[in-house]
Structure formats: structure tokens, C-alpha cells
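[1] Fold the stuff below for me.
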Amino acid sequence: RKPDMETLTLKEKSAFVAELLQDVATTKNINLKLEDGEFIGIIGHTGSGKSTLIQHFNGLIKATSGGIYFNGRDIYEEDYDKRELRTQVGLVFQYPEHQLFETTIFDDVCFGPINQGLSKNEAGLRAFEALRSVGMSEKLYYQSPFDLSGGQKRRVAIAGVLAMKPKMLILDEPTAGLDPKERIRIRNIISEIAMDKIVIFATHVVSDIEQIAKEAVMLKAGKIAAVNTPEALCDMLEGKVFEAEMSQGELERLENQLLIRNLVKRDGRLIVRFLSETPLVGVYSSAVRADLEDVYLYYFANGKGAMA
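    I've put the predicted structure just below:
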């Protein structure tokens, strides 16, 4: 590793636990090391610990054991500058309205750089650059951020973090609730950002990261169930994903034995995509290439391997 690379490391001792209000959200046995240019997708269903985990990265939540190291320094050291950490490790929350509060879009994006000590002119240059990078039209710069669509708010929230020039960008469900066009736009923006930053993209929408993340982390009940490249995770299910044409009666007879991914009705019969350790007996089925949604189903349907 080059000495000037940005890195963030989590080291686990026995448990990685956070208590939030009256709820206890836990992440356990988490070990990750991230370096410049890495794009990590964290996949898990609601309540799996994604938001809890990523809020540890810039010190918003403190672990009860283990450690988090940014560029070799433990962020839990007493003299560690958490304010500086949060300018270097930028977090975009799931709900952008939680991060937008100024009267205009431009002022909102300027807020972070000004808070870093930059002059108004320097902050303005940063804001222009960041807003352009997320595709915001200049005619919107002096409108209220609360007059924007959901996708536009999401892009302004990303711009507000980018204007602080972080080394690492963390996004919590950045495409949640967006229409397909805006989801694709956000994904493309994030993919470009990932060329020179560490990017962590937490989501339950598997397709958002399948084509763009270098590595996918499957997070289940606060633990890493699997981590690898999307391609390698799909390879793991070779010979375990099938498609078969069935009648409604055949489906009713077999559905309790199958881990069904999806059904498509065609000419009165059903095309069923399912996961199984072995081909069906008595029904013709053909093995097909697994995708990351199949992997997600395998890990999250039940047990470590849903077919186990």
C-alpha cells in the first residue's frame, strides 16, 4: 500500500455494539479495510445494521469495543479531532431533508466549506464545482432546497458533502424512493465520484450496486454474511439457480420446497426462477447464471444459506 493512500480500518475485539435511544442496534465481528478508489456496496434488508455500521465510520456512534482507524489513527483517541474527521469522511443521510436547512441551494452547499474556515469566495467556488458535478442546473441555485424533487434534494445533499472535499464518501440508501431515471442518474454520479475516493454505498436495492461496486458486503443481523466482488458472489451459486416452466398445480405442489426468486406468467403457464441445491425431479428445469439478487435471496431468506 502506498503511504499517501487514504485508508479506513475497522478492527474487532469481541463485539461491535451501539445503543440508539431505546433500541439496541448491533453490528458484530466486523472487519473491513478500505483504500483509495474502493467502491463498497453494503447490502442488507431494513434493520440489518447498515445505518448503524456506517455511522461508526465518522464517529457519530461510538463502538463499545474494537477500533476504527483513519489513516492509521484510532478515531477514539482522546485528542482525535472528530470535526476534521467528519470533513474527511462525508456522510449523506438517507433522508436529504435532514441535511438541507439554508434558504437557497447555493447557501446550503456553501455551509460546509465556510464551516471549514474557507472564505465566502472560496466556498462559493467549491459550491459551484460540487453542484455542477451532480448535474444541478444553475437556474436552480438560488431556489429553496425544499422546492426540489426528491432526486434533486438527494443530489444537493451529495453536493453539500462533496464541497468539503472529503477523502471518503458514505451514502445511506441514496436512491430510496426515487424513480428509475433519477436512480440511474444518482448511480452514475456516485460511480464517477468513486474514481478518486473511497465510496461506501449502503442499500437494500441490489441492482443499484451490482454493476458499479468493486466489492459487495452482505450484512445480516449486524454481521457480515459474505463479502467479495459481485461476480465472485454470483459464481458461488453456480448450478444452484434454475428456471422452469410449470403449471399452477405444479407450482402449488412444489412451492414449499423451493426458494422462489420470481414468477412470470406466459400462455397460461408459469416461468419460475428459483434456487435449489439440485434440479427438480419430475419438472424440467435449466440452470441459469446467478445475479446479485439471487445471492441476496440465498443469504437473507433464512439461515446463512437459505437452502441449507
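
[2] Pull the residues that contact the helix or strand harbouring Leu233.
    If you go by DSSP states H and E, Leu233 is part of helix 230-235. For helix 230-235, the surrounding residues in contact (CB atoms under 8 Å, 6 or more residues apart in numbering) are 41, 209-211, 213, 215-216, 218, 226, 289-292, 294-295. Where you see a C-beta, it was placed from the backbone N, CA and C, and this is true even at glycine.

[3] Which SSE is immediately downstream of it?
    strand 241-246.

[4] Quick check: buried residues in the helix or strand that comes right after that next one?
    Counting by DSSP H and E, the next helix or strand C-terminal to strand 241-246 is helix 248-254. Going by neighbour count (16 or more other CB atoms under 10 Å), the buried part of helix 248-254 is 250-251, 254.

[5] Show me the contacts of helix 230-235 that map onto helices.
    Members of the contacts of helix 230-235 lying in helices (criterion: DSSP state H): 209-210, 292, 294-295.

[6] For Phe57, report the pLDDT, please.
    Looking at Phe57, its pLDDT reads 85.

[7] Next one: it from Met136, what distance?
    26 Å (CB to CB, to the nearest Å).

[8] what do you get for Asn188?
    Note on Asn188: its distance to Met136, by CB to CB, is 14 Å.

[9] Which of these two has more residues huddled nearby?
    A count of neighbours by other CB atoms under 10 Å puts Met136 above the other of Asn188 and Met136, at 21 against 12.

[10] Not counting its neighbours along the chain, what's nearest the more buried one?
    Arg155 (5.9 Å; CB to CB, 6 or more residues apart in numbering).

[11] Return the distance of the one you found relative to Ile209.
    18 Å.

[12] which stretches of the stretch 151-300 of the chain form strands?
    168-172, 198-203, 215-220, 223-228, 241-246, 259-266, 269-275, 285-287 (DSSP state E, counting those that start in this stretch).

[13] which other helices and strands contact the longest one?
    Using 3 or more CB pairs under 8 Å, 6 or more residues apart in numbering; DSSP states H and E as the contact criterion, the neighbours of strand 259-266 among helices and strands are strand 269-275, helix 292-300.

[14] how near is the residue nearest to the spatial centre of the chain to Ile190?
    By CA atoms, centre = their mean, the chain has its centre lying nearest to Ala202, at 1.7 Å. Per CB to CB, Ala202 is found 12 Å from Ile190.

[15] ok, Ala130 - contacts?
    Contact analysis of Ala130 by CB under 8 Å, 6+ apart lists 109, 159-160, 162-163.

[16] what's the answer for Glu243, then?
    By CB under 8 Å, 6+ apart, the contact list for Glu243 reads 271-274, 285-286, 288.

[17] Just send those back as TSV, with distance to Lys240 too.
    Below are the contacts of Glu243 laid out as TSV (distance: CB to CB, whole Å):
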residue	distance to Lys240
Ile271	18
Val272	15
Arg273	12
Phe274	10
Ser285	12
Ser286	13
Val288	10
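
[18] which one of these is nearest Asp147?
    Nearest to Asp147 among those: Arg273, at 42.7 Å, using CB to CB.

[19] still on that earlier bit, out of the strands of the stretch 151-300 of the chain, which is closest to Gly47?
    Nearest of those to Gly47, taken as CB to CB: strand 215-220 at 10.1 Å.

[20] Pull the residues that contact the closest one.
    Residues from elsewhere that reach strand 215-220, judged by CB under 8 Å, 6+ apart: 27, 32, 38-45, 48-50, 53, 209-210, 224-230, 233, 292, 295-296, 299-300.

[21] And stretch 70-87, by the same measure?
    So stretch 70-87 is in contact with 6-8, 58-59, 62-63, 67-69, 88-89, 112, 116, 164-166, going by CB under 8 Å, 6+ apart.

[22] want to try JSON lines for the strands of the stretch 151-300 of the chain, with mean pLDDT as columns?
    Shown next, in JSON lines, are the strands of the stretch 151-300 of the chain (pLDDT from 0 to 100):
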{"stretch": "strand 168-172", "mean pLDDT": "93"}
{"stretch": "strand 198-203", "mean pLDDT": "92"}
{"stretch": "strand 215-220", "mean pLDDT": "90"}
{"stretch": "strand 223-228", "mean pLDDT": "88"}
{"stretch": "strand 241-246", "mean pLDDT": "93"}
{"stretch": "strand 259-266", "mean pLDDT": "90"}
{"stretch": "strand 269-275", "mean pLDDT": "92"}
{"stretch": "strand 285-287", "mean pLDDT": "93"}
